[in-house]
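# Structure here, sequence nowhere to be found:
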């Protein structure tokens, strides 16, 4: 088998347009999918680990908004491919203005945990809460169920952050969120009948939802609106 390795450095905002198609198409490439598990997994995990909040200077360059960029969402979609994993790092940035976050050791440790658990049979936690499903209930509540949710809690003891909801009109607003019976119950007095939920859906988002292993929840959305339908970063909203 003839292998090739591609290395690249996203040097600044003007590189986004060039690198976006590469990241979106990488894991659809049959050459990548057919690689042996040992070779493919580290590659997939390394690329997918880049889920730290993006520096403000980049999204301001893109027009002052803070959407989840298409290449970032493509990283999560890559998990549909067998033998891939993702280390979420939304909690490892102390300054969203710093394009080169310094806490790289923790990124490496989380990637190593993925390999130890999945390839070497070690009993170590390696994944944070990941969306399983959402149930929209009467009374304007959305009940979010996660995988890897043992010990679900707020990392800092504050109200859960970075949840938004929208009705049929697709207008997202900040939402209250609380943990109950192993689920996160999301609602907003501004949306009587929620139809969609987003969590951490902004490049600078640093949500505080973690599991008992202190691993952060993976950002998600239940809608399929185009990238232009974005929402700003949200502030904590206290649940009653």
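All right, it came through fine. Note that the structure is a prediction, hence the values are computed from the model and not measured.

# pLDDT below threshold where in the chain?
1-72, 98-100, 227-240 (pLDDT under 70).

# Would you map the helices across it?
16-26, 30-33, 37-48, 56-61, 70-77, 104-119 (DSSP state H).

# can you pull the contacts of the nearest residue in space to residue 193 that is not next to it in sequence?
Nearest residue to residue 193 in three dimensions, chain neighbours excluded: residue 167, at 5.6 Å (C-beta to C-beta, 6 or more residues apart in numbering). Where C-beta positions appear, they are placed from N, C-alpha and C, glycine not excepted. Residue 167 sits next to 191-196 when contact means C-beta atoms under 8 Å, 6 or more residues apart in numbering.

# domains of this structure?
Under the assignment automatic domain parsing, the domains of the chain span 13-119, 130-221.

# what's around residue 94, how many residues?
As a burial measure, residue 94 scores 10 neighbours (other C-beta atoms under 10 Å).

# Now do it against residue 88, distance only.
Residue 94 is 17 Å from residue 88, where distance means C-beta to C-beta, to the nearest Å.

# picking up where we left off before, can you select the buried ones from the contacts of residue 167 in ChimeraX?
Entered in ChimeraX, the line below selects the buried ones among the contacts of residue 167, by 16 or more other C-beta atoms under 10 Å:
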select :191,194,195,196
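
# Just name the closest of the contacts of residue 167 to residue 105, please.
Using C-beta to C-beta, residue 196 is the member of these that lies nearest residue 105, at 36.6 Å.

# Can you name the residues that contact that closest one?
Counting by C-beta under 8 Å, 6+ apart, the residues that residue 196 touches are 165-167, 170, 172, 221-223.

# For residue 81, see how far away it is.
26 Å.

# All the strands of this protein, residue numbers only.
For the chain, strands defined by DSSP state E occupy the ranges 130-137, 141-147, 153-154, 163-166, 173-174, 176-180, 183-187, 196-199, 209-210, 220-221.
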